[in-house]
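A.B. asks: Sequence and predicted structure below; questions after.
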Amino acid sequence: MIGKGDEFHQIEKLQCIPLHQKYGIDVVAFGQSVENPDVYYLVRAFNSPEECENLLEQFYKSVDWINGPRTSILNMIENSTNVKVWVDNPTVHSLRM
């Protein structure tokens, strides 16, 4: 939603990213676009497509997510685009914050 970028970032930083880490998801980078603070990115790394599917399923079905930041986050998302790109470890390392 317009004007919610800073609030979204705080929820991501304080709740969502630690929750990802709790479920074994490697968060490589995240944050607001430099051109528009209401546009957000989240880069996660997985060892295989199967690991990606399994970890994300565990995460999104967890009570921690459902009873935690899920509703707040979803209420602030107007559009969402997911892109999967498989790259080598040096490339992932170069993207780390």
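C.D. replies: Looks like it arrived, so ask away.

A.B. asks: how about the residue nearest the centre of the chain, what does it touch?
C.D. replies: For the chain, residue 42 is the residue whose C-alpha lies nearest the centre (Cα atoms, centre = their mean; 4.1 Å). Shown in contact with residue 42 (Cβ atoms under 8 Å, 6 or more residues apart in numbering): 12, 27, 29-30. In short, each C-beta sits where N, CA and C put it, glycine included.

A.B. asks: likewise residue 23?
C.D. replies: Contacts for residue 23 (Cβ under 8 Å, 6+ apart) come out as 55, 58-59, 62, 64.

A.B. asks: With residue 25 instead?
C.D. replies: By Cβ under 8 Å, 6+ apart, residue 25 lies in contact with 44, 46, 55-56, 59.

A.B. asks: For those, which PyMOL command selects only the ones that are buried?
C.D. replies: Buried residues within those, by 16 or more other Cβ atoms under 10 Å, are selected in PyMOL with:
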select buried, resi 44+46+55+59
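
A.B. asks: Switch the contacts of residue 25 over to a markdown table; also include distance to residue 88 and secondary structure.
C.D. replies: Below are these laid out as a markdown table (distance: Cβ to Cβ, whole Å; DSSP: H, G, I helix; E, B strand; the rest coil):
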| residue | distance to residue 88 | secondary structure |
| --- | --- | --- |
| 44 | 16 | strand |
| 46 | 13 | coil |
| 55 | 20 | helix |
| 56 | 21 | helix |
| 59 | 24 | helix |
